[in-house]
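S.K.: Provided below are the primary sequence and the corresponding predicted coordinates.
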Amino acid sequence: MALVRQLRRLSRTFLAVGPIRTGRKVEQVTLARAASTTQSRPLPEKEEVSITFVKANGERIKAKGKVGENILDIVVNNDIDLDGYGACEGTLSCSTCHLIFPKDVFDNLPTKATEEEMDMLDLAFEPTETSRLGCQITMTKDLDGLEVRVPATINDARK
């Protein structure tokens, strides 16, 4: 409760939210007016990227995402039906977002797999030399148009 009171006090002090006394009058100041004295500009839109998931049966699912999102986010945000995919919600405690990358893409991914990710990949269904977990791959402009293979089934390492 003390934390809530302190946060309210800080928000009034720094953001001028709530009643402000000016002489004998009390004026209500809005956050937008108090927070900015310059003309506001919209935040720049993140660039859009595309990715294609190729299921074991040959079905191709195309999706769009934004630079900075990981592949798990793209699957969730596009409501893509990949049975059981991302069961641990990106906490690196399962291997359900296992994907297989083309060798040239795999070799040039912006980040290498951590030891924790490698441990999860060891538990994945039929891992390959170019396997990675989708929750650990952040989309960049260079990955636009990426095509990844989805294994035939998942192996949830939590079970």
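M.R.: Cool, the structure landed.

S.K.: so who does residue 137 touch?
M.R.: Listed by CB atoms under 8 Å, 6 or more residues apart in numbering, the contact set of residue 137 reads 70-71, 99, 109, 111, 143. Bear in mind the C-beta positions are built from the backbone N, C-alpha and C, glycine included.

S.K.: Repeat that for residue 124.
M.R.: Taking CB under 8 Å, 6+ apart as the test, what residue 124 contacts is 95, 98, 131, 133, 151, 154-155, 157.

S.K.: how many neighbours does the closest residue to residue 133 other than its chain neighbours have?
M.R.: In this structure, residue 133 finds its nearest non-sequential neighbour in residue 97, 5.1 Å apart by CB to CB, 6 or more residues apart in numbering. Residue 97 has 28 neighbours, counted by other CB atoms under 10 Å.

S.K.: pretty sure residue 97 is touching residue 86, no?
M.R.: Yes - the pair residue 97 / residue 86 is scored as a contact, 4.8 Å apart, by CB atoms under 8 Å.
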